[in-house]
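**Q** Sequence first, then the predicted structure, then my questions.
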Amino acid sequence: MISPASGEVTYVNAGHNPPLIYHAPDSTQPCHITALSVSGMPLGIDEDARYIQYQEHINPGDFIVLYTDGVTDAMNEVGELFGMRRLQQVLIQHQERSATQIAAALEREIRDFSGSSLPFDDITFLIARRM
């Protein structure tokens, strides 16, 4: 849950890749990306599983990226994975753009990287920027 007015992000991660928060540069530090904590095992494994809610804060100019493992596991013709490093590079490279433009750039980068290789998993992501 994201509160646009306050920038509070409340989340539970039930086994997916940890969302990323891009933090815009400020007077105390350069831009950086942090991965949110994993708070539980995948849903459906244990009916008695308990999950911890975490809270983070995003400032104006920051954005959050939720994605499936199909993004980082996208493979090219020689078997290389797109990986976390490339994902973070795309985010930083396009950091000044809107969430829609960053998403379009990420989609293009994954497609260019993968070439003619067919995806073996879903490639799903969502980017939300606080203005």
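**A** That came through, no problem. Numbering: from 1, shown residues only.

**Q** From now on I want contacts and neighbour counts done on CA atoms only, so please keep to that.
**A** Noted.

**Q** Counting neighbours, which bits of whichever helix in the chain runs longest end up buried?
**A** For the chain, the helix that runs over the most residues, judged by DSSP state H, is helix 99-114. Neighbour-count burial for helix 99-114, counted by 16 or more other CA atoms under 10 Å, picks out 99, 102-103, 105-107, 109-111, 113-114.

**Q** Could I get those in CSV, plus columns for distance to residue 8?
**A** Output for those, formatted as CSV (distance: CA to CA, whole Å):
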residue, distance to residue 8
99, 18
102, 22
103, 22
105, 26
106, 25
107, 27
109, 30
110, 30
111, 33
113, 34
114, 35
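
**Q** which non-adjacent residue is nearest residue 9?
**A** In this structure, residue 9 finds its nearest non-sequential neighbour in residue 2, 4.6 Å apart by CA to CA, 6 or more residues apart in numbering.

**Q** got the angle between the next helix or strand after the longest helix of the chain and helix 99-114?
**A** Sequence-wise, the next helix or strand downstream of helix 99-114 (DSSP states H and E) is strand 125-129. Inter-element angle recorded for strand 125-129 and helix 99-114: 150 degrees (by axes from the mean of the first three to the mean of the last three CA atoms, to 10 degrees).

**Q** what about the residue nearest the centre of the chain, helix or strand, and which?
**A** Note on the chain: the residue nearest the mean C-alpha position is residue 65, at 3.0 Å, using CA atoms, centre = their mean. Assessed by DSSP H and E, residue 65 sits inside strand 63-67.

**Q** Can you list phi and psi of residue 23 for me?
**A** phi -100, psi 120 (degrees, to the nearest 10).

**Q** wait, it sits on residue 32?
**A** Yes: contact criterion CA atoms under 8 Å: residue 23 and residue 32 qualify, at 5.3 Å.

**Q** Among those two, which residue is more densely surrounded?
**A** residue 23 (22 against 13; other CA atoms under 10 Å).

**Q** which residues touch the more buried one?
**A** By CA atoms under 8 Å, 6 or more residues apart in numbering, residue 23 lies in contact with 31-34, 58-59, 61-63.
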